[in-house]
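# next come a sequence and a model predicted from it.
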Amino acid sequence: MKRRFLWVLLVCVAAGLAASCADSGESPKPQAYLRIDLPPHSYSVCDTVALPFTFEISNLAAIEWKKNAPGERWFTITYPKYKGYVFMTYKRLRGVQELRAQVDTSYKFVEGHFSFSSGIDENRFVDRPHRVSGTTYHLKGQNVASTYQFWVTDSNSHFVRGALYIDCTPNNDSLAPVLDYIQSDIDHLIETIRWKE
């Protein structure tokens, strides 16, 4: 009787285990990213005595002033809600040689990301009436730390350089909406630069 009871119990447990391991037809959900809702773009003019130019800045952003030196200014345009940072440098030029050196330096900064990039879109920008010209670099790839960099100049006295970073582990597929949003703001900033002299 005891053997029969143990045998029935063992068969029931085995049947229960088999039923629990059977394919239920369900599969795990695919990996997904959080939805990021971004507001419409809106801008304000940034006109400060600290810089010899004006530009329009996103109303979501703020400026953090860094170091100043004769003929140079460092500042960061921050997007606190999205942990985005556009590191900006302004340098006063003293001739064509210095312009070439600044362009070469800017390209070296971009070049530092090539090993993580799967491609690069380089675009020239020219606004002759306002004496603004430059180049933007859109670096593609999942693990690129800085996906957007640029420089602009009047080809004579002023040189501005910027680089976009997001303060988190690079995963540019999931960050795409924020990156696109801030890159659009940077394009607007470039288009609205006006030299004061």
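Looks like it came in fine.
# can I get stretch 132-142 as PDB, trimmed to CA atoms?
In PDB, the C-alpha atoms belonging to stretch 132-142 read as follows (Å, rounded to 0.1, in the frame of the first residue of the first chain):
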ATOM      1  CA  VAL A 132      29.500  82.500 -41.200                       C
ATOM      2  CA  SER A 133      30.900  79.300 -42.700                       C
ATOM      3  CA  GLY A 134      31.800  76.000 -41.200                       C
ATOM      4  CA  THR A 135      31.500  72.200 -41.100                       C
ATOM      5  CA  THR A 136      29.300  69.800 -39.200                       C
ATOM      6  CA  TYR A 137      30.300  66.200 -38.600                       C
ATOM      7  CA  HIS A 138      27.600  63.600 -37.800                       C
ATOM      8  CA  LEU A 139      29.300  60.400 -36.500                       C
ATOM      9  CA  LYS A 140      27.200  57.300 -36.900                       C
ATOM     10  CA  GLY A 141      27.500  54.200 -34.800                       C
ATOM     11  CA  GLN A 142      26.000  52.600 -31.600                       C
END
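# who touches the strand or helix carrying Arg161?
Applying DSSP states H and E as the criterion places Arg161 in strand 158-166. The contact list for strand 158-166 (C-beta atoms under 8 Å, 6 or more residues apart in numbering) reads 52-53, 77, 82-93, 98-99, 102, 105-106, 109, 134, 145-153, 175, 178-179, 182-183, 186, 189, 193, 195. Placement of C-beta: from N, CA and C, glycine included.
# quickly run through the sheet partners of it, with directions.
The strands beside strand 158-166 in its sheet (DSSP bridges) come out as strand 84-92 (antiparallel), strand 148-153 (antiparallel).
# could you list every helix and strand in contact with whichever strand or helix holds Trp65?
Assigned by DSSP H and E, Trp65 belongs to strand 62-69. With contacts taken as 3 or more C-beta pairs under 8 Å, 6 or more residues apart in numbering; DSSP states H and E, strand 62-69 sits against strand 72-79.
# name the helices or strands packed onto the strand it packs on?
Checked by 3+ C-beta pairs under 8 Å, 6+ apart, strand 72-79 has strand 53-58, strand 62-69, strand 84-92, helix 176-191 packed alongside it.
# closest one to Ser118 among those?
Among those, the nearest to Ser118 by C-beta to C-beta is helix 176-191 (13.9 Å).
# please point out which parts of that closest one sit buried.
178-179, 181-183, 185-186, 189-190 (16 or more other C-beta atoms under 10 Å).
# swap in stretch 120-132?
120, 125, 131-132.
# ok, of those, which one's closest to Asn68?
Val132 (22.6 Å).
# sweet, I'm off.
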